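>>> with the input below, show me the fold.
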Amino acid sequence: MEKAPQSSLAPQSSLPEQSSLTEALDALWTRFRPEMEERVATLETAALAFEVSNLSEEQRKKAHAAAHKLAGVLGTFGQASGTELARELEMLYSRRVGSDPALAAQMAEIAAQLRAMVESRR
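Next up is the predicted model:
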């Protein structure tokens, strides 16, 4: 009886590939972490400005862009909850909203959660 040829996608080869992928993602995280921290800082600054009714249109646009970029990059690195949080801020900064203390607190809390997420991954 003849044995069937083994597939080139045999499970044995997945461990080294997984390790290489993990190492590549870790290297990319290290490379792009300063940009992610800068984007989180933009969100923190915008939340503070919103809280004191001093959010300029330029700050709002920068916060929207920062949230959008974070949503994409965090998903790439398997941080699905970070993507959801960033999308929530992206939505909030996509519209002009008057002063709202509850909304300001929510924006600040989401930015703090994103900060913790970025800082906790080494």
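
>>> tell me which helix or strand the residue nearest to Phe50 when sequence neighbours are not counted sits in.
Nearest residue to Phe50, sequence neighbours excluded (Cβ to Cβ, 6 or more residues apart in numbering): Ala104, at 5.0 Å. In this view, the C-beta of every residue, glycine as well, is placed from N, C-alpha and C. Assigned by DSSP states H and E, Ala104 falls within helix 101-120.

>>> okay, that helix in PDB with CA atoms only?
The C-alpha trace of helix 101-120 is given here as PDB (Å, rounded to 0.1, in the frame of the first residue of the first chain):
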ATOM      1  CA  PRO A 101     -18.800  66.600  31.400                       C
ATOM      2  CA  ALA A 102     -19.900  63.000  31.100                       C
ATOM      3  CA  LEU A 103     -18.600  62.700  27.500                       C
ATOM      4  CA  ALA A 104     -15.300  64.400  28.500                       C
ATOM      5  CA  ALA A 105     -14.900  61.800  31.300                       C
ATOM      6  CA  GLN A 106     -15.600  59.000  28.800                       C
ATOM      7  CA  MET A 107     -13.000  60.300  26.300                       C
ATOM      8  CA  ALA A 108     -10.400  60.600  29.100                       C
ATOM      9  CA  GLU A 109     -11.100  57.100  30.400                       C
ATOM     10  CA  ILE A 110     -10.900  55.600  26.900                       C
ATOM     11  CA  ALA A 111      -7.600  57.400  26.300                       C
ATOM     12  CA  ALA A 112      -6.300  56.100  29.700                       C
ATOM     13  CA  GLN A 113      -7.300  52.500  28.700                       C
ATOM     14  CA  LEU A 114      -5.500  52.900  25.400                       C
ATOM     15  CA  ARG A 115      -2.400  54.200  27.200                       C
ATOM     16  CA  ALA A 116      -2.400  51.200  29.600                       C
ATOM     17  CA  MET A 117      -2.800  48.800  26.700                       C
ATOM     18  CA  VAL A 118       0.100  50.300  24.700                       C
ATOM     19  CA  GLU A 119       2.400  50.500  27.700                       C
ATOM     20  CA  SER A 120       1.600  47.000  28.900                       C
END
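
>>> ok, and what's touching it?
Applying Cβ atoms under 8 Å, 6 or more residues apart in numbering, the set of residues contacting helix 101-120 from outside is 33, 36-37, 40, 43-44, 46-48, 50-51, 70, 74, 79, 81-82, 85-86, 88-89, 92, 97.
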